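**Q** need coordinates for the below:
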Amino acid sequence: MRTDVMKKKSLAILTASLCVFSLKASADSVHFLTNPCRLMDTRNIGGVGMGSKLDSSSFPFTVSVTDVHKDPDNPTINVQGGQGGCDVPSDSSGIFGQFTVLSPDSGGYARLWPHGESEPLSSTINAFNSLPETTGISIRLGFDGQLHLTSTISAAHYVIDITAYTTLILTAQEAQEVEP
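**A** Modelled structure (predicted):
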């Protein structure tokens, strides 16, 4: 009986903490839902269905997120195998969506993290032999609107779909400090 009471109290504290965090985050940023967009699909690098799996020699792989437009001749989209049309603005600070590992040749993990920062110790997704895996992502972008991807999986295809992005709200004072 005592254990149930302790679990309920812990859950209440965790819920309250998450609500406070959520309120603080919403005061500093705005989230924009977008039409689902395929930012990256390594199966399509070099043309639809033409891509080779990324292997250990491919990492770290840099993923451009912001200012990747609908132009099908955009070299960034061709390198990443995405569909274009993501239109995540250059002042975006993060993205929400799904990260998928397809046809892994071995078990292992993959990590996504902001470009220009140290690689995290935790994985974004874990994969098991030949099984596809998908996880939801909420990730901050690097200062240049890019992400890094690395993996311990011997070879696999990777897909990133975006469903929303976030933009920081600057006060007038902060905006003046950013201006050159």
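
**Q** can you tell me how far the closest residue to Lys53 other than its chain neighbours sits from Pro104?
**A** In this structure, Lys53 finds its nearest non-sequential neighbour in Ala155, 4.0 Å apart by Cβ to Cβ, 6 or more residues apart in numbering. All C-beta spots, glycine's among them, are computed from the backbone N, C-alpha and C. Going from Ala155 to Pro104 by Cβ to Cβ, to the nearest Å gives 7 Å.

**Q** related to what we said a few turns ago, count the neighbours of the residue nearest to Lys53 for me.
**A** Neighbours of Ala155 under the rule other Cβ atoms under 10 Å: 16.

**Q** isn't it up against Val101?
**A** No - at 10.7 Å, Ala155 does not count as touching Val101 under the criterion of Cβ atoms under 8 Å.

**Q** pLDDT weak spots in this structure?
**A** For the chain, applying pLDDT under 70 flags the ranges 1-27, 46-50, 67-79, 81-82, 84-85, 170-180.

**Q** if you set the cut-off to 50 instead, what comes out?
**A** Scanning the chain for pLDDT under 50 picks out the ranges 1-27, 69-75, 77, 180.

**Q** what about the strands in the chain?
**A** Using DSSP state E, the strands assigned to the chain run over residues 29-41, 54-55, 61-64, 92-102, 108-114, 125-127, 133-140, 146-151, 155-168.
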